[in-house]
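S.K.: Here is my input, please return the structure:
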Amino acid sequence: MRGEILTYDPQTGAGLVSGDDLQRYSFRSHLSGLAVGRRIDFVIDGLEAREPVLLPPGPVAQRFVSKPVVSKPVVSKDAPIAVSAAITPRDWKSRLFSLSGRMERAYFWKATLIMTSIHAIAWGVAILFPQVRQVIPITFLACLWPYLAITTKRLHDIGRTGWLVAIPLGLIVLVLKVALFIAVLGGLYGILAISIDTGPSTQAFQGVAMVAIGAVLLILLIHLAFVILIGCRKGQPHNNRFGAPPTGTAPIAI
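M.R.: Residues are numbered from 1 along each chain as shown. This next block holds a predicted model:
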């Protein structure tokens, strides 16, 4: 053990040393050079310091301080388990295909813009190459489930039930039905060889087509408003019934 001399009487050789373990020990020695403030190395014998050895002067060594023992909390097997609900950026499968959990605004907009771009490319290809127009329904079906997943989790993040996703889904189906109605109606007029430039029937067809196109635009505007609403609204900063904030570290009890 090492320590610093607190008191020392050269006449009697008695002294007191403060050990690096913060314990005081008495000693008795007539070793040359012993003085208050000098450091010595010694052997502990109870509360006495024996066989002192004078240490060379220099920087005071760091005192030994025992580290407190931190006991690990005992968790019962029946206790709730804390699980982070935040989804890592690499967990794209959970983000795009899972209906549980929550999603932050940034990732929702990224996924929405990507799927919108895919649909725009599909429509462009179908317009330029009518023989491959089947790419439109294929693209719609491919993006349908990821769209439902990100919309559901975004609704969860603002504290709403995921069943509200039926609103945009219903609007999309309605748009497809109206578009199909226009296509069928136009086909019937084509089969009957009715000219689009003449006759009252042509005017009636154009009127129906304009109403249908207006309905499609109105439905698209409603859908756009829904997406903007859930995409811009700030998520709840605390845990809700759907889990912890996607960018937070709050645990969920399961």
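S.K.: Work out for me the element I228 sits within.
M.R.: I228 belongs to helix 200-232 when assigned by DSSP states H and E.
S.K.: Next: L176.
M.R.: helix 166-191.
S.K.: what does W123 give?
M.R.: Going by DSSP H and E, W123 is in helix 105-128.
S.K.: Can you pull the phi/psi pair for G235?
M.R.: Phi and psi for G235, reported as degrees, to the nearest 10, are phi -70, psi 160.
S.K.: what sits against the residue lying closest to it once chain neighbours are set aside?
M.R.: Nearest non-adjacent residue to G235, counting by Cβ to Cβ, 6 or more residues apart in numbering: D157, 3.7 Å away. In this view, the C-beta of every residue, glycine as well, is placed from N, C-alpha and C. Contacts for D157 (Cβ atoms under 8 Å, 6 or more residues apart in numbering) come out as R102, M103, E104, R105, G235, Q236, F242, P245, P246.
S.K.: How are the helices of the stretch 1-150 of the chain distributed by residue range?
M.R.: Along the stretch 1-150 of the chain, the stretches classed as helices by DSSP state H, counting those that start in this stretch are 92-97, 105-128, 135-157.
S.K.: Tell me the spacing between R160 and I127.
M.R.: 37 Å (Cβ to Cβ, to the nearest Å).
S.K.: more neighbours, the two?
M.R.: With other Cβ atoms under 10 Å as the criterion, R160 and I127 differ in neighbour count, and R160 comes out ahead with 16 against 10.
S.K.: residue contacts, that one?
M.R.: So R160 contacts I230 (Cβ under 8 Å, 6+ apart).
S.K.: Can you give me the distance of it to M1?
M.R.: As defined by Cβ to Cβ, R160 lies at a distance of 67 Å from M1.
S.K.: Kindly report the same for M103.
M.R.: Counting by Cβ to Cβ, the gap from M103 to M1 is 61 Å.
S.K.: the more surrounded of those two?
M.R.: Taking other Cβ under 10 Å, M103 and M1 do not tie; M103 has more neighbours (25 against 15).
S.K.: Report pLDDT for the nearest residue to L174 once chain neighbours are set aside.
M.R.: Of all residues not flanking L174 in the chain, I219 sits nearest, at 5.6 Å (Cβ to Cβ, 6+ apart). We have a pLDDT of 75 for I219.
S.K.: For I219, grab the count of nearby residues.
M.R.: I219 has 18 neighbours, counted by other Cβ under 10 Å.
S.K.: Surely it and V173 touch.
M.R.: No: contact criterion Cβ atoms under 8 Å: I219 and V173 do not qualify, at 9.9 Å.
S.K.: Roughly how far does the nearest residue to Y25 once chain neighbours are set aside sit from G13?
M.R.: Leaving aside its chain neighbours, Y25 sits nearest to A49 (4.0 Å; criterion: Cβ to Cβ, 6+ apart). Counting by Cβ to Cβ, the gap from A49 to G13 is 12 Å.
S.K.: Kindly report the same for G214.
M.R.: Taking Cβ to Cβ, one finds G214 at 110 Å from G13.
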